[in-house]
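Participant: Any chance you could fold what I've pasted below:
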Amino acid sequence: MSAKILVVDDENDIELLIQQIFRRQIRKNEYSFIFASNGKDALNKLQENDDVDLILTDINMPEMDGLTFISCLPALNRSIEAIIISAYGDMENIRTAMNRGAHDFLTKPLEINELEITVKNTLAHLQQARDNVGLIQEKEAAKAESEAKSSFLAGMSHEIRTPLNAILGMTDLLVETNLDNTQKNYVKILDSAGEALLDLINDILDLSKIEAGRIELETISFDIHDLIEKISGIMSIKCNEKNLKLICIVDTNVPHILLGDPSRLRQIIINLIGNAVKFTDSGSIIVNVSLEDLNHGKVSLRFEVRDTGIGIPEDKLESIFDIFSQAESGTTRKYGGTGLGLSISRQLVKLMGGKIWAESVIDEGSSFCFTSSFGFKRSLVSRPPKRMKTSSIIYDTNFETLSSEATKLRESLRILVADDSEHNRIVIHHYMKNQPHIVTFAKNGLEALESFKNNQFDVVFMDMQMPEMDGYTSTREMRKWEVQNGREKTPIVALTAIAFKSEIAEAIESGCNECVSKPVRKAKFIDTLKKYSNYTWRGENFEQSTPLSQNLREVEIDRDMEDIVPDYLENLGEQVTVFTHALSQGDFDKINMEGHKLRGSGGSYGFDMLTDIGKKLEIAAINHEQTDIQDQIKELSEYLNSIKVVYV
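Facilitator: Numbering: from 1, shown residues only. Predicted coordinates for the structure are as follows:
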């Protein structure tokens, strides 16, 4: 590619000199030259030639000198380098020119070799700079494309989930009506198809978030034995439908309390069990969790999901982890699915620092294994960590769930539901029609706000995407009104069809207690209602109690602290409000001070995680990192709501 060079000099023989010096480059079409007699003439030439790469300019010239000319170049907004040519006595002018953006300088009389080398090096520097700009632009374009893709998928998710919510909701309601056998079969097919569509939406969104780098792993403490037990309970229902036995085994030497991301680990295991159920018609599915290594505060675990299904050909064992890939072309038609589950699992395992692989024998079954490392939180007292009484958790195919009639609420609650979708409002109305509760509906955030101000509600369900006033704004206004009128905080649950972390974080920041993803099935709606209604299900009755998170975090505290810990935890509940209010006022000094107190007291009472949260709040307050502060306030609230203190 030829470089175009503009030479600016009032000497008459400069053109002939340049042509002679660069004759070889001109013949090879490497360089081409245009000439100007002063700065004014040079600016005109630049207007006529938008492909100039390099300028060689004298300083002392009539009409417009070289310094003035150099000063005009930035206004052209073009990638051009300039080399100053000056007489021996113009060093002050050279410094001025360099300060104004010149790349290099040469002194007269020109030395041929020096001129050739300087021009060559300057053009190389210019090309490198342009390449770097190109890379940055490509990176920015790729980022913009990824963000556009994520935004598109988020929008499509919302548009698909909203009608799907009505479809699945009405399906739940149809099941409870008097249907003949043919109608029951139709409803079963409808429900299965809706669930399959929902799974597809969730898989595509997960894959998109992973590709866009928007998946961030959490690091929180969790009980691996409790996690496996809950997964077993969930997946036993699917196994029961195919008359399969599910056996989950956790080796006794696996510690209880680990540090990592339990939700993503749960997703991987459920994906693998679901895959095993799909391709197994008889026999059993065995899940085994074993210890590989325990060293320096890190524990490495091996997870295996083994089935007695159809098996996988050896040449397909690697490709099954590819996107939209299954072992055989007819697999999708016979067994369903998109082939996304294993691909997502592999990506998540990779993010968690592990590896995943499959082993299989045709007609005998398959085994999917993966490894992952976790932090290992030792017991607070000087004794070995608690172990399970048995190494295995077994759920057989006689596992049953409570009927929908048995889960009806027995107390009258006042519920506000804000949703602009008429279908969703009808679904929730029918969810509650046989219940003793009073449900008020609002079509947008503005209506919800007015109802909230004029009534006392026990729970608010708030859609986030609504006309006139969205759910984020409506929630903020509700929280502001509560403070102004001295009213206790009402639980507000965000209903959102968009499952991206940024949207969830915005909902929590606006004042919501948690986010529930659409479509909301009847069981999930009622479970959420129970959670925030200050009642706990006890057979046929509700008994008043303090709601706890389903994921209890057991903390062992010295029995000598038993008299003071309850009051300490109760005061910390108020501290969440203090942090939230300080953040809304931009009072980072207050957050820093209170975070410092939390850092000091948490570990003293035996709650190491409170010390960690306090430390993070301190740092975030010093740096004015609002998002980090919001995350830590949420973490504090969730931790306080999930603590189960055991005195030892």
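Participant: Got phi/psi on the nearest residue to Thr473 once chain neighbours are set aside?
Facilitator: Spatial nearest neighbour of Thr473, excluding adjacent residues (CB to CB, 6 or more residues apart in numbering): Gly445 at 5.8 Å. For glycine as for every other residue, the C-beta is placed from the backbone atoms N, C-alpha and C. Note on Gly445: backbone dihedrals following degrees, to the nearest 10 are phi -70, psi -30.
Participant: How many neighbouring residues does Gly445 have?
Facilitator: Using other CB atoms under 10 Å, Gly445 has 27 other residues around it.
Participant: wouldn't it be in contact with Met464 here?
Facilitator: No: here Gly445 does not reach Met464: they are 9.1 Å apart, not a contact under CB atoms under 8 Å.
Participant: if I look at these two, which residues touch both of them?
Facilitator: Shared contacts of Gly445 and Met464, defined by CB atoms under 8 Å, 6 or more residues apart in numbering, are found at 470-471.
Participant: one step back: check what pLDDT the residue nearest to Thr473 gets.
Facilitator: With respect to pLDDT, Gly445 scores 93.
Participant: Same question for Trp357.
Facilitator: So, for Trp357, pLDDT stands at 92.
Participant: Surely it touches Ser366?
Facilitator: No: under the criterion of CB under 8 Å, Trp357 lies out of contact with Ser366, with a separation of 11.1 Å.
Participant: Give me the more crowded residue out of these two.
Facilitator: Ranked by neighbour count (other CB under 10 Å), Trp357 and Ser366 place Ser366 first, with 25 against 14.
Participant: so how far is Lys242 from the more buried one?
Facilitator: In this structure, Ser366 and Lys242 are separated by 16 Å, where distance is defined by CB to CB, to the nearest Å.
Participant: still on that earlier bit, contacts only, for the residue nearest to Thr473.
Facilitator: Taking CB under 8 Å, 6+ apart as the contact definition, Gly445 lies against 418, 462, 466, 468-471, 473-474, 477.
Participant: what's the burial count for the closest residue in space to Thr371 that isn't next to it in sequence?
Facilitator: By the measure of CB to CB, 6+ apart, the closest residue to Thr371 outside its immediate chain neighbours is Gly354, 4.2 Å from it. Other residues lying near Gly354 total 19 when counted by other CB under 10 Å.
Participant: Output the lowest mean pLDDT helix or strand found in the chain.
Facilitator: The helix or strand of the chain with the lowest confidence, counting by mean pLDDT, DSSP states H and E, is strand 541-544 at a mean of 34.
Participant: partners of Val7 in the sheet?
Facilitator: Phe35, Leu56 (DSSP bridges).
Participant: wait, doesn't it sit right on Ile14?
Facilitator: Yes: counting by CB under 8 Å, a contact exists between Val7 and Ile14, whose distance comes to 6.3 Å.
Participant: Of these two, give the one with the bigger neighbour count.
Facilitator: When Val7 is set against Ile14 and neighbours are counted by other CB under 10 Å, the residue ahead is Val7, at 22 against 18.
Participant: contacting residues around that one?
Facilitator: Contact criterion CB under 8 Å, 6+ apart gives 14-15, 18, 33-36, 55-57 as the residues in contact with Val7.
Participant: and of these, the nearest to Leu43?
Facilitator: Ala36 (8.3 Å; CB to CB).
Participant: The closest one - how many residues pack around it?
Facilitator: Taking other CB under 10 Å as the neighbour definition, Ala36 ends up with a count of 22.
Participant: was I right about it contacting Glu11?
Facilitator: No: in this structure Ala36 lies outside contact range of Glu11 using CB under 8 Å: 12.0 Å.
Participant: Tell me where the model's unsure across the stretch 51-200 of the chain.
Facilitator: Low-confidence segments of the stretch 51-200 of the chain, defined by pLDDT under 70: 87-91, 142-159, 161, 196, 199-200.
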